[in-house]
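# can't give you the sequence, but here's the structure:
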């Protein structure tokens, strides 16, 4: 439809009395400004509706006054208008550029290009809101970096298809309305109507701007400098007010000086630095008299919470095979992981290296410059047969680049499995396509276990090392249809998404989670029975651990890879070895300690590469410092546990939170304000540890000389 020209104001019009009167100039802008005003009004309604309906937004934040929340909502509406103009400008410039040539081609060309520009912006906007609804965070640089670092198919593997379809459908509808219908409808209105629409939009923007200004002056007085913690108002403004406000805060944060890498300390009293040695040098130190050539089986269980086992106080027989093992094992009741997400944590029990290597999200590069000595590297040099069997795709986060497949006789993971992989969702061919890519999906744990058992049977007289990574207990807790459900109904009428499910259905979800662990337990029982039938059980060390825990809204979020609360970072750690006295051990421990502890049991000297400590034949240190991190789009945090307290530092807002782990293990009431002395001490220790880690991984020449530093207590 051809656009109608705006009528000229009549001669003698009252606005022509003085050349200083701005009305004629405004009238000339009306045809261009009115469509933008209508788009702003529509998006403002959508923004307010989403802010009111979705939990966790600034408008629903009980930690700030309602008036502050309202001013933040106004701020988010103000941010809409420059974004609308930014999208409209290139669309308008393109439409002007294609006016030459065939008019019909120019018309449709400009419409198509405008739809692409507007549609792309709307897709980002809606996707950001969908992400917030699902995880509590908006799209930002970290989210895009995460997508860029991971195989996109692997990421889409975890997206709930109806949500993805809903985002696409909403984008198409909104693009049609905002890019085509609104401009056509506005251009067809009389000039007076257009003028009133423009005035309404302008008035709304001005009112919202004044409210936002008043809110900033009234509630934003506390500092939010880079080296100071943000106020509650600033935290809600930057993280919960809407996609555009969050994007502005993210851009502003990108201009701040980056943290570190700090200069390494020269304080040898606090830091141990060990020179690199060759494998031949290490093997020469091994006493053949002390060396016990025992088999080693490590089983890493996805998302295993401590409270799912009887030995840790669980009330149900979720994993009877593991509990039976625990009764003849050393059970560490105060063990922590070093990261709340798999791509960081999975390699810790193999390497005894902390996963903090960058201030940003980290992907393992091909041929890392830093040294790494995994358990199987040493055992391979000592004559062991070695293998890794993982139900997940080890390319996640570049983990495959960290492994040393040349020191493994068998390396099995989802990408190399020739049989069927599973996906979390069955829908319209998507699952089948994902299976075929071999870039996503997981292997059903029964196949992984069968492959491991088959490989063990191929080993003759040599001792063997097997590391297993079982995945059925990963959200959404998929198990075979014919597996009996002992804790949840066979069919459920809602979706269990990563980080999201109806909170009133938590008990059902916990039941489904328990069923997935029960399924894994049956596979572990197969392994144990096979080792006993082969007659090698009595000469085998078995290690069971969780790669992380799992949250069920105890602190407002579900799943893992988020805040470092105990339900996510405190996991089972069970070690059974011939001659090792069973019992409960409450010393501070980490999964980082698995390699040096295994070496103690094998009679091997500690390798200088390890940052953990051996947990046997040493006196427990109740004041030992334990460190952990998370670096995902959902959270950027680090934490220290020491002397019965945990201090958590939120890297994005600079805030510290202190909990008493003895009297408040559920971490419900922070004691930050009442113990400033402890906050100061623990924060200094945490900063020092971070500084040592980051300075080492930023110094390539140093990596050629020495192993990662060990910070003393």
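Thanks, I have it. Not measured: the values here are computed from a predicted model.
# quick one: the closest residue to residue 419 other than its chain neighbours and residue 47, what's the gap?
When the adjacent residues along the chain are set aside, residue 419 lies closest to residue 447, with 5.8 Å between them (C-beta to C-beta, 6 or more residues apart in numbering). C-beta: built from backbone N, CA, C; applies to glycine. Here the distance between residue 447 and residue 47 works out to 47 Å (C-beta to C-beta, to the nearest Å).
# neighbour count winner among these two?
A count of neighbours by other C-beta atoms under 10 Å puts residue 47 above the other of residue 447 and residue 47, at 24 against 18.
# I'd guessed the more buried one sits against residue 77; true?
Yes: using C-beta atoms under 8 Å, residue 47 is in contact with residue 77, at 6.1 Å.
# show me what stretch 240-253 is in contact with.
Contacts to stretch 240-253, defined as C-beta atoms under 8 Å, 6 or more residues apart in numbering, come from residues 47, 51, 56-58, 61, 72-73, 75-76, 79-80, 83, 124-125, 128-129, 132, 138-141, 237-239, 652.
# quick one: buried ones out of those residues?
47, 51, 56-58, 61, 72-73, 75-76, 79-80, 83, 124-125, 128-129, 132, 138-140, 237-239, 652 (16 or more other C-beta atoms under 10 Å).
# any chance you could map the helices in the stretch 51-200 of the chain?
When secondary structure is read from DSSP state H, counting those that start in this stretch, the stretch 51-200 of the chain shows helices at 66-97, 103-135, 141-149, 152-156, 161-175, 182-187, 191-219.
# which of those comes out lowest on mean pLDDT?
In terms of mean pLDDT, the lowest-scoring of these is helix 152-156 (a mean of 60).
# nearest residue to residue 282 in space, please, no chain neighbours.
residue 607 (6.3 Å).
# just to revisit the earlier point, any figure for the gap between the residue nearest to residue 419 and residue 166?
The separation that residue 447 has from residue 166, given C-beta to C-beta, amounts to 33 Å.
# kindly report the domain assignment for the chain.
According to the domain assignment given by automatic domain parsing, the chain is divided into the following structural domains: 22-254, 306-547+559-620.
# hey, which of the ones you listed is tucked in deepest?
Greatest average neighbour count among the domains of the chain goes to domain 306-547+559-620 (a mean of 19), per mean count of other C-beta atoms under 10 Å.
# average pLDDT for that domain, rounded please.
So the average pLDDT for domain 306-547+559-620 ends up being 91.
# so for it, first residue to last residue, what's the gap.
Counting by C-alpha to C-alpha, to the nearest Å, the length from the leading to the trailing residue of domain 306-547+559-620 is 21 Å.
# about what we covered before: beyond the host helix or strand of the residue nearest to residue 419, next helix or strand please.
Taking DSSP states H and E as the criterion, residue 447 maps to helix 445-458. Per DSSP H and E, helix 445-458 leads on to strand 464-470 as the next helix or strand towards the C-terminus.
# partners of that following strand in the sheet?
strand 295-301 (parallel), strand 385-390 (parallel) (DSSP bridges).
# need these in CSV with distance to residue 612, can you?
CSV is the format used below for those (distance: least, C-beta to C-beta, whole Å):
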stretch, distance to residue 612
strand 295-301, 14
strand 385-390, 20
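# picking up where we left off before, mind putting the domains of the chain into TSV with distance to residue 632?
Supplementary listing: these in TSV, determined by distance: least, C-beta to C-beta, whole Å:
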stretch	distance to residue 632
domain 22-254	7
domain 306-547+559-620	5
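# closest to residue 297 out of the ones you listed?
Of all the domains of the chain, the one in closest proximity to residue 297, counting by C-beta to C-beta, is domain 306-547+559-620 (5.0 Å).
# where exactly do the helices run in the stretch 351-500 of the chain?
Chain-ordered helices for the stretch 351-500 of the chain, with DSSP H, counting those that start in this stretch as the definition, fall at 375-381, 399-402, 430-437, 445-458.
# can you name the residues in contact with the longest one?
The one in question is helix 445-458. Contacts to helix 445-458, defined as C-beta under 8 Å, 6+ apart, come from residues 387, 389-391, 409-410, 412, 417, 419, 464, 466, 468, 470-472, 480, 519-520, 523-524, 526-527, 530-531, 534.
# now do 7 Å
By C-beta atoms under 7 Å, 6 or more residues apart in numbering, the list of residues contacting helix 445-458 from outside reads 387, 389, 391, 410, 412, 417, 419, 464, 466, 468, 470-472, 520, 523, 526-527, 530.
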